[in-house]
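Novice: would you be able to build a 3D model of this:
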Amino acid sequence: MSLLARQRQELILEQVRERGAVRVSDLAERFGVSDMTVRRDLDVLARRRLLAKVHGGATALGVPSTHEPGFVEKSGRQQAEKEAIAAAAAELVEPGTAIGLSAGTTTAALARALLEVEGLTVVTNSMAVAEVFSAERPGRTVILTGGIRTPSEALVGPVAVAALRTLNLDVVFLGVHGMSAASGFTTPNLMESETDRALVEAGHRLVVVADSTKWGTAGISTIAELAEADVLVTDSGLDDDARAVLAGEVDQVVVAEPR
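Specialist: Numbers count the residues shown, from 1 in each chain. Reported below is the predicted structural model:
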C-alpha cells in the first residue's frame, strides 16, 4: 500500500532526527518512489524549516559545524558500512610497514582488521585505536602521541603535533567528520584538524576512510583537500553524483559493500 505524501514526509523526518542525515536514493528505495518524489518531499520539509537539504539528501537542523559527537555515540552509526570499509582498507597494508591511524570509529574498526598483520609499526593519536592494539605481539610497535583528549577520544594539540612532525610513515589512514567538494575533508575540532594535518604530512600516502553519510557534511576546519587523498575507501551507499565528483579528485576510490 502506497503512503500518502504527508505520511511519507513524517517518516522521512523521523529518519533525519534519528540518524542526523538521509540520502535521496535510500529513501526512494525504502518508500518505492522516484528520486524526484523524495526531493519534492525534502523541499516541503525544508520550507517548513524541519530539515536542511544538502547534495544528495538532507540533514537535521541545528547541528553546527563545531558540533562533535562523542566516540560512543558515533560507534553506533553505520556499523556494517564501517566494518566493510575497514576490511577493504586493511588490504592496502603490507606487513612490516609503518602506518598512521587517526582518531575515529572507522579507524578503530580498521585497527581491529589489522590485528593479524605482522610486523607493523602503528602511530596513532587515538586512545581507542591504541586500546585495540594493546595486546603485546612480537614485532609490533604501537606509538601513542600525547596531547589533550577530545570527545572523539583523540589526543590533539602541540604535544601531539610535535611528536608527529618527527616521523615518516609509509601510509596514513585518516578518518573524517565530513567531506564535500567545497570544503574537502573536515573536522569540527580546530585542534584536531591541526593534529590530523601533521599526521597527513608524516605519511608518504594518504588513505581516507569515510562512510557515505559523511558526504555533504562540513566541519569547521579542513584537514585536507579532496585531491590530497591517494585513496578514498567508502561504502556503496555513496550516490552517483558524489562518486563522479570524488573520482575526478582522488586517484583511487574503493567502494566497499556492507554485508
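Novice: please make it C-alpha for all contacts and neighbour counts, starting now.
Specialist: Fine.
Novice: need the residue closest to the centroid of this protein.
Specialist: Ala210 (3.1 Å; Cα atoms, centre = their mean).
Novice: hang on, that one packs against Thr234?
Specialist: Yes. Look at Ala210 against Thr234 with Cα atoms under 8 Å: they come within range, at 5.3 Å.
Novice: show me how this protein divides into domains.
Specialist: With domains defined by automatic domain parsing, the chain comprises 5-59, 71-256.
Novice: picking up where we left off before, ok, the residue nearest to the centre of the chain - contacts?
Specialist: Lys82, Ile85, Thr106, Gly175, Val176, Leu232, Val233, Thr234, Asp235 (Cα atoms under 8 Å, 6 or more residues apart in numbering).
Novice: same deal with Leu226?
Specialist: Applying Cα under 8 Å, 6+ apart, the residues near Leu226 are Met179, Ser180, Ala181, Gly184, Phe185, Leu246, Glu249, Val250.
Novice: same question, Val22
Specialist: Per Cα under 8 Å, 6+ apart, neighbours of Val22: Gln15, Val16, Gly57, Ala58, Thr59, Thr213.
Novice: who's in contact with the second one?
Specialist: For Val16, the residues meeting the contact criterion (Cα under 8 Å, 6+ apart) are Val22, Leu51, Ala58, Thr59, Ala60.
Novice: using a markdown table, lay out these together with distance to Ile148, secondary structure and pLDDT.
Specialist: As requested, the contacts of Val16 are arranged in a markdown table below (distance: Cα to Cα, whole Å; DSSP: H, G, I helix; E, B strand; the rest coil; pLDDT from 0 to 100):
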| residue | distance to Ile148 | secondary structure | pLDDT |
| --- | --- | --- | --- |
| Val22 | 33 | strand | 80 |
| Leu51 | 34 | coil | 83 |
| Ala58 | 33 | strand | 83 |
| Thr59 | 30 | strand | 78 |
| Ala60 | 30 | coil | 74 |
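Novice: now Ala21. Nearest residue, chain neighbours left out?
Specialist: Thr59 (4.1 Å; Cα to Cα, 6 or more residues apart in numbering).
Novice: how many residues are close by the one you found?
Specialist: Counted with other Cα atoms under 10 Å, residues neighbouring Thr59 total 25.
Novice: same thing with Thr166?
Specialist: Thr166: 9 surrounding residues under other Cα under 10 Å.
Novice: how about it, nearest residue that isn't a chain neighbour?
Specialist: Ala202 (7.9 Å).
Novice: I'd say the one you found and Leu164 touch.
Specialist: Yes. Counting by Cα under 8 Å, Ala202 does reach Leu164; the two are 6.6 Å apart.
Novice: close enough to count as contact, Val156 and Ala163?
Specialist: No. Here Val156 does not reach Ala163: they are 10.6 Å apart, not a contact under Cα under 8 Å.
Novice: intersection of neighbour lists for these two?
Specialist: Gly146.
Novice: how about the helices in the stretch 101-250 of the chain?
Specialist: 105-113, 127-132, 158-164, 190-202, 240-247 (DSSP state H, counting those that start in this stretch).
Novice: can you tell me how far Ala88 sits from Lys214?
Specialist: Here Ala88 is placed at a distance of 18 Å from Lys214 (Cα to Cα, to the nearest Å).
Novice: before we move on, what about Gly175?
Specialist: Gly175 is 10 Å from Lys214, by Cα to Cα.
Novice: for these two, indicate the residue with more neighbours.
Specialist: Gly175 (23 against 18).
Novice: shaky segments in the protein?
Specialist: Applying pLDDT under 70 to the chain picks out residues 1-2, 18-19, 61-77.
Novice: recalculate using a threshold of 50.
Specialist: Where the chain drops to pLDDT under 50, the residues are 1, 65-67, 70-73, 75-76.
Novice: take the contacts of Ala210 and write them to JSON lines, including distance to Ala46.
Specialist: JSON lines is the format used below for the contacts of Ala210 (distance: Cα to Cα, whole Å):
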{"residue": "Lys82", "distance to Ala46": "29"}
{"residue": "Ile85", "distance to Ala46": "32"}
{"residue": "Thr106", "distance to Ala46": "30"}
{"residue": "Gly175", "distance to Ala46": "30"}
{"residue": "Val176", "distance to Ala46": "26"}
{"residue": "Leu232", "distance to Ala46": "31"}
{"residue": "Val233", "distance to Ala46": "31"}
{"residue": "Thr234", "distance to Ala46": "28"}
{"residue": "Asp235", "distance to Ala46": "27"}
